[in-house]
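S.K.: Quick one, fold the following:
(2 chains)
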There are 2 protein chains.
Amino acid sequence: MLVLITYDVNTETADGKRRLRKVAKQCMNYGQRVQNSVFECVMDEAKCKEVEAILVKLIDKNKDSLRFYYLGNHYKSKVQHVGAKPSFDVEGPLIV
Amino acid sequence: MLVLITYDVNTETADGKRRLRKVAKQCMNYGQRVQNSVFECVMDEAKCKEVEAILVKLIDKNKDSLRFYYLGNHYKSKVQHVGAKPSFDVEGPLIV
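M.R.: Next comes the predicted model:
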């Protein structure tokens, strides 16, 4: 299934910047960066629980926000992209 | 239906900053800001086409990225939130 992970990490402090790097790094292990703080991850239920548990531990729940969107298995028609592709070090094809 | 709008606007220039403000302002007219550049909009097909057309015109397609995710009508179980709520001027309830 496709799981969309989006986050806002408060980077006002050095600690926040560190959290942001860690969150991004973990997300990269599970999916495809499509925007700066938006990842698309095609994974099963077990992997999904795994990354959720990791990210929940990394963030500061009082300062950061983490959202998961479950788009199921038939997701290709549910995603539309306009404009530039991310300039990050991405692996695998983008869903366009 | 729930439509998720996510964007990355390149703000390296004053023009980019202006585009970002305009995109955010338009998104606010159609939905709920849940993260800095993530909006959840509950709307029908017509409104969806309307906001898509507006946003596509506002962005610079060579520099900015815009993504739409269509989560259908039964979306409440498809969204999970962890951590802080957005500190923006939000209207209406968040989907938690």
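S.K.: contacting residues around residue A:67?
M.R.: Contacts here follow CB atoms under 8 Å, 6 or more residues apart in numbering or on different chains; on that basis residue A:67 touches A:5, A:6, A:7, B:34, B:35, B:38, B:79, B:80, B:81, B:82. Glycine gets a C-beta too; all of them are placed from N, C-alpha and C.
S.K.: What residues does chain A have near chain B?
M.R.: Within chain A, the positions adjacent to chain B are A:4, A:6-8, A:10, A:34-38, A:52, A:55-56, A:59-72, A:77-86 by CB under 8 Å from any CB of the partner chain.
S.K.: re the thing from before, give me the buried subset of the contacts of residue A:67.
M.R.: Buried members of the contacts of residue A:67, counted by 16 or more other CB atoms under 10 Å in any protein chain shown: A:5, A:6, A:7, B:34, B:35, B:38, B:79, B:81, B:82.
S.K.: does the first one really touch residue A:35, like I thought?
M.R.: No: the pair residue A:5 and residue A:35 does not pass the contact test of CB atoms under 8 Å, sitting 11.1 Å apart.
S.K.: from the buried ones among the contacts of residue A:67, which is closest to residue B:19?
M.R.: Using CB to CB, residue B:38 comes nearest to residue B:19 of the buried ones among the contacts of residue A:67, at 17.0 Å.
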